[in-house]
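**Student:** I need the structure of the sequence given here:
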Amino acid sequence: MSMLLSLLQKVPFLPKWAVWLLDMILIIAAFLISYFISLVVWNQNFHAPSFHAQLLTYVLIIGFCFYAFRVHISVIRYFGLRDIMKVCVALLCAGVVLLCIAMLGRHYCKGWFILPISGIMFYILLEFAFVIFFKISVRLLFDYVREKNGKTSKPIPVLLFNPIQANIDLTRFINHQRSLNYKVIGFISMDEQLSKKHIFNLPVYNAREIFHNTKIRNQFAAIVINPQEIDREDKQWLSKQSGKYGKDLLATPSIRGLDNASARFTLLKKLKIEDLLQRIPIEIDMDNIARQLHGKTVMITGAAGSIGSEIVNQVCKFNTGLLLMCDIAESPLHEIGMEVQDKFPHIKAKALMADVRDYDLMKSYFETYRPDVIYHAAAYKHVPLMEEFPCEAILTNVMGSKNIADLAAEYNAEALVMISTDKAVNPSNVMGASKRLAEMYVQSLSKKLKEERGEKAPRFIITRFGNVLGSNGSVIPRFEQQINSGGPITITHPDIIRYFMTITEACRLVLDAGNFGKGGEVFVFDMGEPVQIKKMAEEMIRLSGYKPYINIDIVYTGLRPGEKLYEELLYDQEALQSTHNKKIKIGIVKEYDYQQIASGLETLLAAAYKRNVNETVLQMKRMIPEFISHNSKFESLDQTT
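**Tutor:** Have a look, this model is predicted:
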């Protein structure tokens, strides 16, 4: 007996077509019974043509309704109330159609036996009974099997945050998938009106009360949330309370139905700091972006970096003509090339060893491939390192951007999207100042081209945003490494704050801005509320199962060269204009004359080529009066500009 139960538990999920085929068998069985009972009741003789015609009609009509209402996508062993409602609606619609057909049949098919109204109603009820009885029986059988096979391990009781329909479906899945070793015992909600009610026969608790109610608190071991469906403040509050009372906070992806729930719920994991800082995603019109990139040659510089590789990943979802992935880092470029081959074999892509500082090399690529759209993500971005090597920052961030912009203009590309940073605003370090100079050049060149070419000018677009979660050199991997080593976590200053967004969100906004930008704009992304790094470190310690300052200490090392306590997205005198996307604003920034900027850059690049550090930084400060060095050896140069 135990062997039979074990075999039943290993029975795989039926594919959708097999479930639909089973439904068709039940439809035929119910029709046969209804038809022959009606013959007896109405004292009619069997008429083969009418029988075959009605059988075919009933199977097609009800089969179509079952398919249209997606009855077949439900996993039979988890069949529940929502699935019963689907069957009801599908049969109700089919019944109305069949009644209309029966009335027409009586008028045009005289001499045939057509099921009467009572016969059709009997058939619909019988069909409903057959489907429900069969699927409920299968569910009860698998429930019994799971109960018998799962007695050795007691499931972990969990609460599910936010009782929306997707989570109700998830609850049903968790409670019937004993191998997951979890059991949902209730919901929690921030909505006080839902508290003390029951959904899916499970209680709904007020999120603000559960941690203070000892009886409830002792009933569960973890809370399951979908990070993408909860705002940042609620996630951080839940994390803090869970850590305080020793409860796990688990994250799961969105589940929009149960057809693929098995695969998705295996991704259940402990919440990470990225999940806490992640915001509710905004919908972007990807169809418009797809139309813009359809059949186009797209070039991405810095394609092997964190931002560039994510742009590659997202652009590959569109039907581009040719994707050019440019980077100077050999191994990462090879890896992103192999990844594109594996994940997007239909995409025509080419990896190019490319140094944006090398004008002749980049010109040869532009001459050969004639890119239509360029996403310029190649840049040096590490603040303390660029403070040590300002000439390298200028040659890559400024001259590299100038090269790409000049070539885009020369070869008449449709659009160039340059990725900038919030550190370009009131820069306090060489890296931020170098990005501001790149902005100034690209914007002034855009203005010049518009004056010369009018509507035929390339669209030069600048996007400005802050730190992205999980990017190369991000503070989060560093903190994780320090926690795994037993601490302490090192932070430069207790009051330092930064803006954060996910790489995916940032790159989607880059694509959207590049799609609707008209040229010359500086797009500023809504970064949400700034995050205090100290609080983020404390949160990471709690999420790792430790207590801040007790198990893992936090120490302060002092601001690094060029580092500010906070970053800005706009100058004080700059204003914002709204766009169709509420997370993208247009910064009304000061415009510069192209000849003035080009002349200034000529002097700057000459100094950088000679590796004359002081003259390079001094020229930067002349061109950007608001560039005031912080905690840097270049502070003395502020007195000479």
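
**Student:** Just the strands from the stretch 301-450 of the chain, written as ranges.
**Tutor:** 322-327, 349-353, 373-376, 415-419 (DSSP state E, counting those that start in this stretch).

**Student:** center of the chain - which residue?
**Tutor:** The centroid of the chain falls nearest to T504 when counting by Cα atoms, centre = their mean (5.9 Å).

**Student:** Identify the residue nearest that residue in space, chain neighbours excluded?
**Tutor:** E310 (6.4 Å; Cβ to Cβ, 6 or more residues apart in numbering). In this view, the C-beta of every residue, glycine as well, is placed from N, C-alpha and C.

**Student:** same question for stretch 328-346, mean pLDDT?
**Tutor:** The pLDDT scores in stretch 328-346 average 91.

**Student:** May I see the buried residues of it?
**Tutor:** I328, P332, L333, I336, G337, V340, F344 (16 or more other Cβ atoms under 10 Å).

**Student:** Just the CA atoms of that stretch, as PDB, please.
**Tutor:** Output of stretch 328-346 as PDB, limited to C-alpha atoms (Å, rounded to 0.1, in the frame of the first residue of the first chain):
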ATOM      1  CA  ILE A 328      37.300  46.400 -23.900                       C
ATOM      2  CA  ALA A 329      37.100  43.800 -21.100                       C
ATOM      3  CA  GLU A 330      37.900  40.500 -23.000                       C
ATOM      4  CA  SER A 331      36.500  37.800 -20.700                       C
ATOM      5  CA  PRO A 332      33.200  39.600 -19.700                       C
ATOM      6  CA  LEU A 333      32.600  40.400 -23.300                       C
ATOM      7  CA  HIS A 334      33.100  36.800 -24.300                       C
ATOM      8  CA  GLU A 335      30.700  35.700 -21.500                       C
ATOM      9  CA  ILE A 336      27.900  38.100 -22.500                       C
ATOM     10  CA  GLY A 337      28.400  37.000 -26.100                       C
ATOM     11  CA  MET A 338      28.000  33.300 -25.100                       C
ATOM     12  CA  GLU A 339      25.000  34.200 -23.000                       C
ATOM     13  CA  VAL A 340      23.200  35.900 -25.900                       C
ATOM     14  CA  GLN A 341      23.900  32.800 -28.100                       C
ATOM     15  CA  ASP A 342      22.400  30.500 -25.500                       C
ATOM     16  CA  LYS A 343      19.400  32.600 -24.400                       C
ATOM     17  CA  PHE A 344      18.600  34.300 -27.700                       C
ATOM     18  CA  PRO A 345      19.800  32.100 -30.600                       C
ATOM     19  CA  HIS A 346      17.500  33.900 -33.000                       C
END
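
**Student:** circling back: how about the strands of the stretch 301-450 of the chain in CSV, adding distance to G295 and mean neighbour count?
**Tutor:** Shown next, in CSV, are the strands of the stretch 301-450 of the chain (distance: least, Cβ to Cβ, whole Å; neighbours: other Cβ atoms under 10 Å):
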stretch, distance to G295, mean neighbour count
strand 322-327, 9, 24
strand 349-353, 14, 18
strand 373-376, 11, 27
strand 415-419, 15, 26
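
**Student:** who wins for proximity to R622 among the ones you listed?
**Tutor:** Across the strands of the stretch 301-450 of the chain, the minimum distance to R622, taken as Cβ to Cβ, is reached by strand 415-419, at 22.8 Å.

**Student:** which residues sit against that closest one?
**Tutor:** The contact list for strand 415-419, computed with Cβ atoms under 8 Å, 6 or more residues apart in numbering, reads 307, 372-377, 379, 401, 404-405, 408, 438-439, 442, 458-463, 510, 513-514, 517, 519.
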